[in-house]
Structure formats: C-alpha cells, structure tokens
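K.L.:
Predicted model, plus sequence, below.
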Amino acid sequence: MVSTPNNAQSLNVGLFVTCLVDLFRPSIGFATVKLLEDNGCIVSVPENQTCCGQPAYNSGDQKNSIEIAKQVISAFKGFDYVVLPSGSCAAMISQHYPLLFKDDSQWEAPAKELATKTFELTTFLTDILKVETVEATFEQQATYHDSCSGLRELGIKNQPRKLLSSVKGLELKESKKAEECCGFGGSFSVKYPKISERIVRDKIEDAQKTETQTLIGGDLGCLMNMAGKLKRENAPMEVRHVAEVLAGMTDVPAIGEGEDK
Amino acid sequence: MKPTSANFYTNVDKALVDKTLQKALRKTAVGFPMLRAKAIDALPEFDTLRDDAVTLKNDVLDNLDYYLERFETKAIEQGGQVHWCSDTQEANETVLKICQAANAKTVTKGKSMIGEEMGVNEYLEEHGIEPIETDLGEYIIQLRNEPPSHIVGPAIHVPKEEVAEAFKEAHTELDAERSLEEPQELLEEARAILREKFINADVGITGANFLVAETGSSAIVTNEGNGDLTQILPRVHIVLASIEKVVPTLEDASTILRVLARSITGQDLSVYTTFSTGPRRDDDIDGPEEFHVILLDNGRSEMLGNEFRDMLRCIRCGSCLGHCPIYTTIGGHAYGWVYSGPMGKVLIPNLIGHEQSKHLPNACTMCGKCEEVCPLRIPIPTMNRVWRGKEHEAKYSSRASRIALGFWAFMAKRPKLYHLLAGFKYSILGKIGRKKGRFTSVPFASAWTEGRDLPSPQGRTFQQQWSDRGGKR
Ligand code: SF4
C-alpha cells in the first residue's frame, strides 16, 4: 500500500489510452501518464491496442467483440495494473470481458485476471495508490459530470471529486443533473442524433445553471458531446477531462476550443 | 392496436416538435423521480425489500406451472372460472363469449395493460358491445382514441385544456357553455358520467396486479377506486391477467406491494388495494354473480425459456419510464405500441416481433438508470444488448451500418495498420481543425453535426507521439 505519492514501490502499469483519447485528445493520455509517474508507477503503452471493443459489443457483434477482447488481453499480459482514462472503457474490460468468455475454458481465466487488475484512472489513484492530493492549480469554478458507465457499473463518484478538491484554486459546484446521461451513448448519438441532441441540450442547460466556467468529466465521448453542444450554442463554458485538471495540464485549449479561440 | 414501432424515426420527429408533449414530459422527468427518491429516503430497508421481491419473482418463474395450477384449483373452489388463453385472439374470443352469454351491452373497464395488449376495447366494439374505461386517464385516452403513453399514467401527455375539449366533444348532453377549467370540474364531470355507467354495466373487466395462488384471488391496485366499482357492481367480473402475475401467498403479494407504489408515485401503498375472491357468496352484501379469470400467455412461456426471462419479473410499476433519458425526451407514443420506455424496449420485440420493432433496443444510451431504479432489478440494458445481437445476426440492421462496423472492426483488429492510417488521417484532421478547435459540419458525421459541433482532433495521435518520445512499450 502506498501512503503518499512519490514513494510508491514501482508498479508496472499498462496504459490503455482508449481510441478516442488516442485519436482526438492525446493530451489526456499524457496527463494520465504524468499522474501515474508522479505517483511512482512505471508506465508502458503497448502498441497492440486500438479500442476496447465497445462499438462492436454494443452493436451486438459478439464475434468481433471477442476477437478484439482477445487482442487486448494479450497486449496487456504481465502488468501489475492496467489503467484507463475512461470509466466506460474500464467497465468494458472489468465488467464485460469476463462475460464474453464465460463459456471459454481457455480465455475465461485470462479475461478475469485482466478484469481484476483494470482500473479507471481516478479510482486507481484513490483506491489503489491511496493518493490523497495532487499538485495542480486550476483557478476556476467547475462542475462535474458523472458518466453513466463509470458511475453505475464501477461506482465512480467520490474518487474524482476527492482528487479535484485538492487542486489549488478550483471550486467544484454540483449541478442538479450531474448523474444524468448526456445523450452520447456511442453509436446512439449517430443513429438517433435528434434524440441525442435534445438530451445533451438539457444536460448543458443544467450544467450552465451552476454558473461555473468549466465542465469536468472522466469520459472523452461524453465530453466531446457536451463540448460540441456548448460550442454550437456559443456558450462560454469550457470542457475538460479530469486527468488534465489533476495533472495541471490545462494550458492546452479546452475540448472543442481552438488555438485561435 | 396496430403497432407503429417500425416508423420509429417519424414517431420521434413528431414527438420532438410536439410542444404540449414536451412540456408534459419535462414534468414527468422531474415529478416521478422526485416522489420515488423521497419515499426511498424514508425507508432504509428498501433495498432489502427489493431483494426479497426479486427472490420471490424468481421462485415464481421457476415454478410457474405449479403456482398457476394451484391458483386455478383455488379459484375454482371459490366458484370462479379460469380460462387459459395462448394468444390475444383466443383471449378476446373468450371475453366476448362471456359477455355475450351475459347479454352484455356495456362493459366497464378498470385499467389493464393486458386489455391494451389484447386490444379488447376495439374487439368488443366490433362485436357491438360498448366498453367504457373507468380509470380517469384511460377514459381520457379512450375519448381521444389513443393508446396509453405511460403504463401507470396513461394520459400524462394530455394537458387539462385538451381534457376539457375531449369532454365537451363527448358529453354533448351537457351544457356546452359549462366551465371546465379547473381539474376539480373535470373530475366531477367524469365522476358523474361514469357513475351511471358503473350502475348500468353488465360486465366489469379489470386487470390484475397479481393473482394469489393460495387463495385463488386477484388483486388490483388503484388510486381512484374505479376498479372496485368495476368489479363489484356488474353481474359478471372478468379479470385479465398474464401468466407471470401469479404469486404464491398473500404474504408474497404484500412483498410486492411494498415496492410497487413507492417506485413510482412514492406512496407507501396506492389508495385502494382490492382483492377479489370468487363470485358473491350468499352472505356477501355485494359482488358479481360470475368471476372469470383470463390467463393470457401471449409469448410469456417462450420468454421463460429465453434470454428475456428476467423481464417476466416486471411488476409494471412504471419507474423505469420516468427515469429514462429517452422516454422523457420522446414520450410513450413514439415507441409505437401499448408499452413504452425501457421495459417496452425489451418487451415489445418479444410480443409483436423483433423486425418491426428493431429500433427500440437500439434507441438506448445504455446509461443504466432503468436498472438502477427498477424495484425488481431487471437488467434492461443487458437485454437490449441481446436484442442488438439478434439484430446483428439476422442482418436486420442497415447495410450501411453493418459495412461501417465491419470496416471499423477490421481495422481495430490490426493495430499496426490502424495506427498507421489513424496517424495519417488524424494528423490531417488536426491540422484542419486545430485552429478553430471544432468542425461545424463534417460530411461523414453529418448526423452528429446537425445539432452540435464536433471537437477537432489535436493533431498527431497519442500513439505517434509516444513513439516519437521513445516511450516504453
Ligand atoms: S422494468 Fe422494472 S422499473 Fe420498469 S416497469 Fe417493470 S418493474 Fe417497474
């Protein structure tokens, strides 16, 4: 057990970047690396990773889900822990992979093994590394969105808030509908864009009622959805991933924000 | 009712521009969840009660044949008659026969989702018998010739002005200039009209919240007392129940009662909970001369043996509807049949066929709220995923979406190629989008960008940058 940051016995951590972070917002990945390294972990990023397979899994494509899961299980063999900056991808691996292989004598055990050592970033920091505080400053008022999978499948609620409360200058204000779905739902947002748009409209209205400047969350998909809506409405609220705030890496433009502004 | 679930997109479009509906949905989305939350805060053992209810229902499903036979034996002992019906056609015919034998002209009806499932009103009308809904909400939608938009509050989509309109149109014998602005005035008018119907009806049809095997009783739960008048006043009482409604004992019925109303209206119990056991006995002061129970299967025994078995635990409390982001955005009618919301997504494809209702399990963000609030802990998202798997296997999904998914999966399984192409593509996208930070229209994602911007990639992918720095692999 690690009592304070920086004196951790070196844990070998495999970083699962997640496809969205890899493609859209690498800065979240680097923020994650920084947080892990600051707390004594040795971070590796296996090349043989693409996506956790949720798009296939949630489309009912069992065959491809299984093949992708096998690839992930093989790529992340041998680490002490596997960490992801996303609740929904972490839940995919820790909750759903074992189900994919429940009748497979060869793969069930490795799937379960990976499941037990896989954690979402803020949970890993607080529950495994026992991190109490981070070294970061963010002079803002902000509100936090609980992404559905992380909240309901992994119980992520207090972990990010606890860490954020140690960020200097940051004041968190709860919104009424913090736990309500933002309407992203992966392919749902493209298959039923009108319903999705209406849900996210309500969601950002609620977030803006907190009169804070920033909306923080732990899943890039939801954040891109909410940022996209806020920008379309020309709303000044900015959107950031919790990893960037905790790592003090908030000099990059916020999600959906340009270099030009 | 002829399902319109296949026209899901059109139904949704209609719902989204219907201002009255949207206003009503806003209220539903706040109202029911608030009532539930209050009730549960006040009852720390609620979760234990849920577990008890789950155990009870699972036992019922494991031994359904036994409990149903026991129920039948007891109901007959009490002087009742039990009719086993495999589908809605058979159930409608049976109801009609009983009504015809009683020379019925008018039939009063308590609220029954099985009645909706059967379309019993239309069926009776076609055969010259007038059905009259006596639950206020059901009465309103009957006048408006609509299906219910919520399993517990069938007319939650109708504002009081439109109720007044429907009343003025239907009750032509009353003064056309009368005031119907206040809810109380509407209520009094409905009560006066219905009172006479109750007295004159030949047959009363009710649903059943459960059937009790140990006593042969049926039970209904209402807030208006209309169900009681429906089952006590007419000469003949017909109960419409699906087979999974049976519970072993009265004690078990109370286990369910303790979670039922709390989950939706937040009441400890609904205003009226009424048990009916057989026809009137010699020393009873009132009650029907005949007591019939229609036991409808309509696909349930098949569900008992497939992946949707857990859905049979549903007690139709309606809690999942008001908590669902989709239901509270599009309302009940968009689902295109008598059920709606999360429970409808799983149930409708089972009951009317999957191909025509394939949209329903897809129109879900998998947020998991329904499962969180369901008193019977029904894993609705998991079952939606099962439907999606069936859709994928049966190739009901559109060709375009299957090709897109296939291409994506092909790439996702080839990391080297994936990183190479992604690195190339996203660097360029990043170059184009970085300055502004977002795209306002994207040809391959026009569905997304119609209502919101798409944040731009930052540029080089994480994997590229990690390689550049010689990061550990
Ligand atoms: S699925 Fe659960 S929450 Fe929904 S109506 Fe049935 S019992 Fe109630």
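P.N.:
Received, thanks.
K.L.:
I'd like to know how many residues surround B:S398.
P.N.:
10 (other Cβ atoms under 10 Å in any protein chain shown). Quick note: C-beta positions are derived from backbone N, CA and C, even for glycine.
K.L.:
now the strands for chain B?
P.N.:
B:81-85, B:106-109, B:130-133, B:203-206, B:210-212, B:217-222, B:236-242, B:246-247, B:272-276, B:290-296, B:438-439, B:454-455 (DSSP state E).
K.L.:
could you dump those strands to CSV with distance to A:S149 and mean neighbour count?
P.N.:
Output for those, formatted as CSV (distance: least, Cβ to Cβ, whole Å; neighbours: other Cβ atoms under 10 Å in any protein chain shown):
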stretch, distance to A:S149, mean neighbour count
strand B:81-85, 42, 18
strand B:106-109, 43, 24
strand B:130-133, 42, 20
strand B:203-206, 42, 29
strand B:210-212, 35, 26
strand B:217-222, 35, 24
strand B:236-242, 33, 26
strand B:246-247, 34, 26
strand B:272-276, 38, 17
strand B:290-296, 37, 24
strand B:438-439, 25, 22
strand B:454-455, 20, 25
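K.L.:
Let's have those in CSV, adding mean pLDDT and distance to A:K177.
P.N.:
Shown next, in CSV, are the strands of chain B (pLDDT from 0 to 100; distance: least, Cβ to Cβ, whole Å):
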stretch, mean pLDDT, distance to A:K177
strand B:81-85, 98, 44
strand B:106-109, 96, 38
strand B:130-133, 96, 36
strand B:203-206, 97, 38
strand B:210-212, 97, 35
strand B:217-222, 95, 31
strand B:236-242, 98, 35
strand B:246-247, 98, 37
strand B:272-276, 94, 34
strand B:290-296, 98, 39
strand B:438-439, 92, 24
strand B:454-455, 94, 22
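K.L.:
Find the residue at the geometric middle of chain A.
P.N.:
A:S86 (2.0 Å; Cα atoms, centre = their mean).
K.L.:
pLDDT wise, what is that one at?
P.N.:
Here, the pLDDT recorded for A:S86 equals 98.
K.L.:
Over to A:N7?
P.N.:
For A:N7, pLDDT reads 46.
K.L.:
Repeat that for B:F8.
P.N.:
At B:F8, pLDDT is 97.
K.L.:
Run through the residues that contact the closest residue to it other than its chain neighbours.
P.N.:
Leaving aside its sequence neighbours, B:F8 sits nearest to B:H359 (Cβ to Cβ, 6 or more residues apart in numbering or on different chains; 3.8 Å). B:H359 is in contact with B:S5, B:A6, B:F8, B:Y9, counting by Cβ atoms under 8 Å, 6 or more residues apart in numbering or on different chains.
K.L.:
Now do the second one against A:G185, distance only.
P.N.:
To tie it back to what came earlier, the one meant is B:A6. The gap separating B:A6 from A:G185 is 22 Å, by Cβ to Cβ, to the nearest Å.
K.L.:
and those two? which has more neighbours close in?
P.N.:
A count of neighbours by other Cβ under 10 Å puts A:G185 above the other of B:A6 and A:G185, at 28 against 16.
K.L.:
So that one is in contact with A:S196, correct?
P.N.:
Yes - counting by Cβ atoms under 8 Å, A:G185 does reach A:S196; the two are 6.9 Å apart.
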